[in-house]
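Novice: Just a sequence and a predicted model for now, questions to come.
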Amino acid sequence: MITLKIESLDSINKIACDIVSYFGDNRVICFYGTMGAGKTTLIKAICDVLGVKDIVASPTFALVNEYRDMNNKPIFHFDFYRINRIEEVYDFGYEEYFYNDEGICFIEWPELIEDILPTDGVLFVRIKVNSDNTRTLEISS
């Protein structure tokens, strides 16, 4: 496990670069954290590092947004906070996203769909909000 600390928003791009360097062959990146922990903000910073020109926003109501990186490869950004039942995820064909060798999946609220996450190729990013408003990230695969 790797531990990183975000001291302020000024350091988030450096941390995003570090996280991208840990991707390796992992194509599903799961972001855990409480409401307001900074999952979407961190994903935006990672998308900046990857050269995304689109507006990166949480797909809370759409479930998934698609962006393109600097090499025109797809990035799929999921937010499962509002799902009521796992069948909703089955209905939109999650396999096409999670098992796509071309793209990367960023998942907010993965704890709601853990039973259907791939068994390998997954990187876990856990965000903890500290009492001084900094963030501690624990990264593991």
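Specialist: The structure has been received and is ready for your questions. Everything numeric here is computed off the predicted structure, so don't read it as measured data. Residues are numbered from 1 along each chain as shown.

Novice: Return the helix or strand in the chain with minimum mean pLDDT.
Specialist: Ranking every helix and strand in the chain by mean pLDDT, DSSP states H and E puts helix 87-91 at the bottom, with a mean of 87.

Novice: where does the residue positioned nearest the centre of the chain land in three-state SS?
Specialist: Of all residues in the chain, the one closest to the mean position by Cα atoms, centre = their mean is F106, 3.1 Å from it. At F106, secondary structure determined by DSSP: H, G, I helix; E, B strand; the rest coil is strand.

Novice: any idea how far D132 is from it?
Specialist: Distance from F106 to D132, counting by Cβ to Cβ, to the nearest Å: 27 Å. Every C-beta, even on glycine, is put in place using the N, C-alpha and C of the backbone.

Novice: And V64, by the same measure?
Specialist: In this view, V64 and D132 are 34 Å apart by Cβ to Cβ.

Novice: who's more crowded, the two?
Specialist: Of the pair V64 and D132, V64 is the one with more neighbours under other Cβ atoms under 10 Å, namely 17 against 6.

Novice: The more buried one contacts I75, correct?
Specialist: No: V64 is beyond contact range of I75, at 10.4 Å (criterion: Cβ atoms under 8 Å).

Novice: mind listing what the lengthiest strand in the chain pairs with, with the direction of each?
Specialist: Of all the elements of type strand in the chain, the one with the most residues (DSSP state E) is strand 122-129. Sheet pairing for strand 122-129, assigned by DSSP bridges, gives strand 28-32 (parallel), strand 135-140 (antiparallel).

Novice: now the ones you listed in TSV, with mean neighbour count and distance to I116?
Specialist: Shown next, in TSV, are these (neighbours: other Cβ atoms under 10 Å; distance: least, Cβ to Cβ, whole Å):
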stretch	mean neighbour count	distance to I116
strand 28-32	23	11
strand 135-140	16	19
